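Visitor: I'll drop the sequence and a predicted model, then ask my questions.
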Amino acid sequence: MPKPAPVYILGGAQTDFARNWTKEGKHFVGPMREVVLAALEATKIEPREVESAHVGNFAAELYAHQGHLGAFFLEIDPTFRGLPTSRHEAACASGSIAILAASAEIEAGRYDLECVVGVEQMKTVDSTTGGDYLGTAAWYERESKGIDFPFPKLFGRLGDEYDKRYGLKDEHLARISAINYANAKRNPNAQTRTWFMSESQAQRESKFNQVIGGRIKVSDCSQVTDGAAALFLASEKFAAQWAKRNGKKLEDLPRILGWGHRTAPLEFDLKVEESRENTYVLPHTREAILDAFRRAGISGVEQLQAIETHDCFTTSEYMAIDHFGITKPGESWKAVEEGLIEMGGRIPINPSGGLIGAGHPVGCTGVRQMLDCFKQVSGTAGDYQVEGAKMCAMLNIGGSGTTSCSFVVGK
């Protein structure tokens, strides 16, 4: 097959994930407008140049009683009236699906400049109701209905499966939590940048670190977050013009080098059953990562300098460590103990703070992850910059490992 046309990333913006839009009296279209305008300013792109827009969102129908989100892109600037837009949903991987749709249009030659927006407003309801809404990312009637906080319990079972197959110590999960909180302190947009979480605190059950379900405590969980992120994807033709007028070289612009997208059965029990004879607990997630590596033309994780992964819970980051190939299957603990995934380690994971530290506005997360990969590769990540980062990968997961999207970003 012919090699697809390159897709360049010109930059973008994100909102402060510590904000509460409900308390600010904002409908989610307000921050959506805010982040797109900020992205236009950051990239020096004119609204008239945008040819198509894609919105990633999980559950605005539940949290905000609003669907048809693509149409809200037109509220950002009058110039956008008539623009082709669409909304994409795949639970926590909604942002990545929007990216895949936009990049496919560029590869097909339909458009030269696309805006991708990830947006989620989650602080409109109490935690129990919000947990029930999140349960729709699983098979609701079978796995979530009538269960308080179903997703911590599902990802607790991911840890249980690791424990059953290979052994798992809670101290390693606590270390993952502490690393993400520490990284978030470097990120001016991180939700927990002013919070405190030590490794010893993460190991202990306490008034402020209660057990949510099984082995999952509060410290093991990603945050309930209001947030939006936007980025611009471009064809080689537009990227060359944009680079010239901004005094840059085309070869210095980050682009999507490779991608992977796999879907596993919706029910967690079926995932585990399918993987009984496989050394990887979530083999479809592993395949998505390998697909991204193959399309990027790299042999493995050793060619990466940083990773942004989907740590919706510490167990999902623990899984990502061996699924990326940093260790052999079941040996993720070695990377934790040896400090490989910390800032300054061989392959830092979640320099931004990840979902645990930076925040997890569900439909926005994939877009935020790619924006942070762009920042690492372009050397614009500020205090959480990984020195010498030339290639960064990301993993965005929807449901209990159901939709897996992986990208490699580089020059």
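Guide: Now that the structure is in, tell me what you want to look at. Just so you know, these numbers come straight off a predicted model, no measurement behind them. Numbering: from 1, shown residues only.
Visitor: going forward, measure contacts between C-alpha atoms and count neighbours the same way
Guide: Fine.
Visitor: measure the residue nearest to M343 when sequence neighbours are not counted to S404 for me?
Guide: With CA to CA, 6 or more residues apart in numbering as the criterion, M343 has its nearest non-adjacent residue at 6.7 Å, and that residue is P351. Distance, P351 to S404, using CA to CA, to the nearest Å: 21 Å.
Visitor: cool, and E105?
Guide: Distance from E105 to S404, by CA to CA: 20 Å.
Visitor: Looking at those two, which one has more neighbours?
Guide: Just comparing E105 and S404: by other CA atoms under 10 Å the higher neighbour count belongs to S404, 29 against 17.
Visitor: so what pLDDT did that one get?
Guide: On pLDDT, S404 comes in at 98.
Visitor: cool, P2 as well?
Guide: Per-residue pLDDT puts P2 at 63.
Visitor: Check the one 5 residues further on too.
Guide: Among the per-residue scores, V7 shows a pLDDT of 98.
Visitor: Which residues are in contact with it?
Guide: Contacts for V7 were tallied using CA atoms under 8 Å, 6 or more residues apart in numbering; they are S103, I106, E107, L233, A234, S235, E236, R255, I256, L257.
Visitor: change it to 10 Å
Guide: 102-107, 112-113, 233-236, 239, 254-258 (CA atoms under 10 Å, 6 or more residues apart in numbering).
Visitor: What helices and strands are in contact with the helix or strand hosting F155?
Guide: Assigned by DSSP states H and E, F155 belongs to helix 150-165. With contacts taken as 3 or more CA pairs under 10 Å, 6 or more residues apart in numbering; DSSP states H and E, helix 150-165 sits against helix 127-134, helix 170-184, strand 211-213, strand 216-217, helix 268-274, helix 314-323.
Visitor: how does it look with 8 Å?
Guide: Using 3 or more CA pairs under 8 Å, 6 or more residues apart in numbering; DSSP states H and E as the contact test, the elements touching helix 150-165 are helix 127-134, strand 211-213, strand 216-217, helix 314-323.
Visitor: Any chance of JSON lines for these, columns distance to C392?
Guide: What follows is these, written out as JSON lines (distance: least, CA to CA, whole Å):
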{"stretch": "helix 127-134", "distance to C392": "29"}
{"stretch": "strand 211-213", "distance to C392": "33"}
{"stretch": "strand 216-217", "distance to C392": "29"}
{"stretch": "helix 314-323", "distance to C392": "14"}
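Visitor: rank these by pLDDT, which is bottom?
Guide: The weakest mean pLDDT among those belongs to strand 211-213, with a mean of 88.
Visitor: Where helices are concerned, which of the contacts of V7 count?
Guide: A102, S103, A104, E105, I106, E107, E236, A239 (DSSP state H).
Visitor: and the two most separated of these?
Guide: A104 and A239 (16.1 Å; CA to CA).
Visitor: So between the two, which is more surrounded?
Guide: A239 (25 against 16).
Visitor: In the chain, where is pLDDT below threshold?
Guide: Scanning the chain for pLDDT under 70 picks out 1-2.
Visitor: Which stretches in it count as strands?
Guide: Using DSSP state E, the strands of the chain run over 7-14, 52-56, 85-88, 113-120, 211-213, 216-217, 227-234, 255-263, 306-308, 391-398, 403-410.
Visitor: angle of the second one against strand 113-120?
Guide: Strand 52-56 and strand 113-120 are oriented at 20 degrees to each other (axes from the mean of the first three to the mean of the last three CA atoms, to 10 degrees).
Visitor: Which strands and helices lie in contact with strand 52-56?
Guide: Packing partners of strand 52-56 (3+ CA pairs under 8 Å, 6+ apart): strand 85-88, helix 94-107, strand 113-120.
Visitor: Same list as before, the ones in helices among the contacts of V7 that is, but in a markdown table and with distance to K248 included.
Guide: A markdown table is the format used below for the ones in helices among the contacts of V7 (distance: CA to CA, whole Å):
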| residue | distance to K248 |
| --- | --- |
| A102 | 24 |
| S103 | 22 |
| A104 | 25 |
| E105 | 25 |
| I106 | 21 |
| E107 | 23 |
| E236 | 14 |
| A239 | 10 |
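Visitor: burial count for the residue nearest to M343?
Guide: By other CA under 10 Å, neighbour count at P351 equals 31.
Visitor: distance of it from A389?
Guide: Counting by CA to CA - P351 and A389 are separated by 11 Å.
Visitor: Need the residues touching each of these two.
Guide: Shared contacts of P351 and A389, defined by CA under 8 Å, 6+ apart, comprise A306.
Visitor: residues making contact with stretch 249-263?
Guide: Stretch 249-263 has contacts (CA under 8 Å, 6+ apart) with 6-10, 239-240, 243-244, 284-285, 287-297, 374, 377-378, 402-411.
Visitor: Same question for the helix holding F155: list its buried residues.
Guide: Across helix 150-165, burial judged by 16 or more other CA atoms under 10 Å covers P150, F151, P152, K153, L154, F155, G156, R157, L158, G159, D160, Y162.
Visitor: got it, and stretch 46-60?
Guide: So stretch 46-60, judged by 16+ other CA under 10 Å, has buried residues V50, E51, S52, A53, H54, V55, G56, N57, F58, A59, A60.
Visitor: May I see those organised as JSON lines, with distance to I76 added?
Guide: Putting these into JSON lines (distance: CA to CA, whole Å) gives the following:
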{"residue": "V50", "distance to I76": "12"}
{"residue": "E51", "distance to I76": "14"}
{"residue": "S52", "distance to I76": "14"}
{"residue": "A53", "distance to I76": "12"}
{"residue": "H54", "distance to I76": "13"}
{"residue": "V55", "distance to I76": "13"}
{"residue": "G56", "distance to I76": "16"}
{"residue": "N57", "distance to I76": "17"}
{"residue": "F58", "distance to I76": "20"}
{"residue": "A59", "distance to I76": "21"}
{"residue": "A60", "distance to I76": "18"}
